[in-house]
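Chemist: The sequence and its predicted three-dimensional model are supplied below.
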Amino acid sequence: MPLGGCLLIPILGRINERLMKWYSVVVAFVTAGLTVSLIRQAGGEEIAALYWIPGVDATFGLQLTGIGMFVAAVAGCIGSLAVLYSIKYMEELEEEYGPTRYYFLTILFIGSMIALALADSFLTLYIFWEIIGFCSFALIAYEYHKSKAREAGAKAFIVTRFGDIGLLVGVAILWSVMRDLGAEDPFSIKATIEAAVAGQIPMHLLAIAGGGFIAAAAGKSAQFPLHVWLPDAMEAPTTISALIHAATLVNAGIYLAVRTLPMFSLIAWWLPTLAWIGAISALLTAVLALFEKDLKRVLAFSTISQLGYMMAGVGAASVFASQFHLLNHAIFKALLFLCAGSVIHAAHTRNMYEMGGLKRSMPITHITFLIGTLALAGVPLLNGFFSKDAILEALLHQGMIGPLVILLITTILTAIYSWRMYWLTFQAEPRTEVEPHESPWQMTVPLMALGLGAVFSWFYVGGYTTKLGLQLPYHEVGIMELGELWHHTLYGAGHGLNAMLLVGAGVVAIIIVLTLRWSRHGAPVPEGPRMWADLVTDTKGFMDWFWGFWYVLMRAVASVLSLFQTGDLNNNSLWLAIGFIAVLLMFLGWG
Amino acid sequence: MSGYAAAGVALVIIGLYATITRTNLFQIVMGLAIMSRGVSLVFIVGGMQTGTMAAAQSLVVTAILIEAVTVAIALSLVVAAYHHNKSLSTTALRRLKG
């Protein structure tokens, strides 16, 4: 539906721009409705193969798995709110860069993510995986007159490419194994998982594929050491950041890891690796977020950090915890990003040190941002608290103490940086010259909807877990009702100690202490430039330098290779002729 | 019969030689045309020898049609290049140098 719908956008854009924009909104909302209705009627059979490429032996089957449905619904719902929000937010940018490209790519982006989540074929999954990669590249570089935006787009594309190679290798290996096993459809994810669980796939091949899938998931979900592209992707329009961070792109990596969990958890090192990658990413970026001055980049770092939690949740083999956090994070992070968009719209800067005191002029944005911040910090009774605790508890349950300790420290840091972000933006005295104003309704309505979601989404845990395991016989999703969740949180899960409530209390305590301190001594605005903090955050913990080294190396190789490009027509045809003769000789010699 | 085949091969080599050594764009296009004539001739010879003249003829007629289109496009490109560079020499087309 959105894939078909997006094709109409360029045509409508020629006729009437306003019409096209509202058409995009309608398409987005209808899509959201469809994805939600998928959940309602879930449990139905597999939707049959859509079409067939005769030569490749591939069907484009769709399968309504529980996980996939929720990922699709998140993409559809949050995507539609972001599109509605765009109508006002993008007005200024559109004059320079044109709206058609924006709406076309956005709808294609959302549609591809949904298709990716519902696909039951590694080939389809890989194709849509690349399409969302391309869409994100084009949308990050939307403001193509700005060199920073262009570079950020290219960087996102190239860095995620490292992971995509892993996915390609993994898919190819699994395909060849399945073909040798005589599978009807060698690309089918369902059949591959069944074969793996039955022990039909050789262990060493499974291990290579598993490694490739980890690389792919780390690339798309911006995990260490491939996290460098995400903070730079903040050059994108804020709505796109919200889409990338909450609804679509980064969830793809987590989804991939969860979807293939039963298959690869047979490999001994696979789960611990995921847990450690997640924990390290979470800690590193939480530290970086403490020093960042750009509002959107703080949010970017916090996204990587929260994705780290999800990765660790997958690493603890807990489908429920990681997916619940994915849902909750999508809601509150979309909320935070759209709030940030509203703030930037009003304050005309992204530097938090130049904001402050916005709570009076922007009441709706203030309240919704506050809710988002508290959910991010993991304050009890908001959705972030429950899912984060579920992840920590799963790690404890699995006895993964190392990642658990790291993530506990990260929880504390999360509380500090998110409260700092809130305080610098909305509290204290105004440090800005412009007169901020509240945003129009097209922007505040999505904020309020997401704000309500952030407060209440955990009530849905019962329905969520019931449907999560649909069509996934090997995933072992425990069903958890609301009362049970309460019980777990209040009394711990049978190991006597009630660490999770302690964590929640600690988070609240930190927020209170910081509030007291900053309301007495003023907001934590540094005096003068801070070279080291800026350097560390700009290079994402020096990882930019690591990848920069590879960049320089590739440039050197390319400059040597470019000597062969003489640009001379006769020379080119000479080599063409030589190549042709060589092929001819090969045929004659070996034919 | 082998004389015709040899003539075809000779035409291909002449055409190839022209495309590699000439610097005038028109001469290169002519070289390409000569090459395809040679290929057509070899096709006809092959068709006669294997007794599949009908198939060979239909292929060659198609090839002639396609080649007419190709040459038309090539010539229009040459004209465009001339308008752009005010020169018909390949030495003026060096912008793809690495």
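Modeler: Cool, the structure landed.

Chemist: for chain B, which helix is longest?
Modeler: helix B:53-85 (DSSP state H).

Chemist: What about the residue lying closest to residue A:148 once chain neighbours are set aside, how many residues nearby?
Modeler: Take residue A:148 and drop its neighbours on the chain: the residue closest to it by Cβ to Cβ, 6 or more residues apart in numbering or on different chains is residue A:235, 5.2 Å away. Heads up, the C-betas are built off the backbone N, CA and C, glycines and all. Using other Cβ atoms under 10 Å in any protein chain shown, residue A:235 has 23 neighbouring residues.

Chemist: Ok, residue A:333 next?
Modeler: 28.

Chemist: List the contacts of the residue in the stretch 201-350 of chain A positioned nearest to chain B.
Modeler: Relative to chain B, the nearest point of the stretch 201-350 of chain A is residue A:229 (27.7 Å; Cβ to the nearest Cβ). Contacts for residue A:229 (Cβ atoms under 8 Å, 6 or more residues apart in numbering or on different chains) come out as A:152, A:155, A:156, A:159, A:160, A:222.

Chemist: and the last one, that's in a strand?
Modeler: No - read with DSSP: H, G, I helix; E, B strand; the rest coil, residue A:222 is coil and lies in no strand.

Chemist: ok, residue A:143 to residue A:334 distance?
Modeler: Between residue A:143 and residue A:334 the distance, using Cβ to Cβ, to the nearest Å, works out to 21 Å.

Chemist: again with residue A:115
Modeler: Per Cβ to Cβ, residue A:115 is found 20 Å from residue A:334.

Chemist: more crowded one of these two?
Modeler: Using other Cβ under 10 Å, the more surrounded residue of residue A:115 and residue A:334 is residue A:334, with 31 against 21.

Chemist: From what I see, that one and residue A:83 are in contact.
Modeler: No - with contact taken as Cβ atoms under 8 Å, residue A:334 and residue A:83 are classed as non-touching, separated by 12.0 Å.

Chemist: residues near the nearest residue to residue A:400 once chain neighbours are set aside, how many?
Modeler: The shortest distance from residue A:400 to any non-neighbouring residue, by Cβ to Cβ, 6+ apart, is to residue A:275 (5.2 Å). Other residues near residue A:275 come to 28 when the count uses other Cβ under 10 Å.

Chemist: likewise residue B:83?
Modeler: Number of residues near residue B:83 (other Cβ under 10 Å) recorded here: 8.

Chemist: In contact with it, which residues?
Modeler: Per Cβ under 8 Å, 6+ apart, neighbours of residue B:83: none.

Chemist: what helix or strand is the residue nearest to residue A:81 when sequence neighbours are not counted on?
Modeler: Nearest in space to residue A:81, with sequence neighbours left out and distances taken as Cβ to Cβ, 6+ apart, is residue A:446 at 3.9 Å. If you go by DSSP states H and E, residue A:446 is part of helix A:441-456.

Chemist: Would you pull up how far that helix lies from the middle of the chain?
Modeler: Offset of helix A:441-456 from its chain centre (Cα atoms, centre = their mean, to the nearest Å): 20 Å.

Chemist: swap in stretch B:24-42?
Modeler: Offset of stretch B:24-42 from its chain centre (Cα atoms, centre = their mean): 3 Å.
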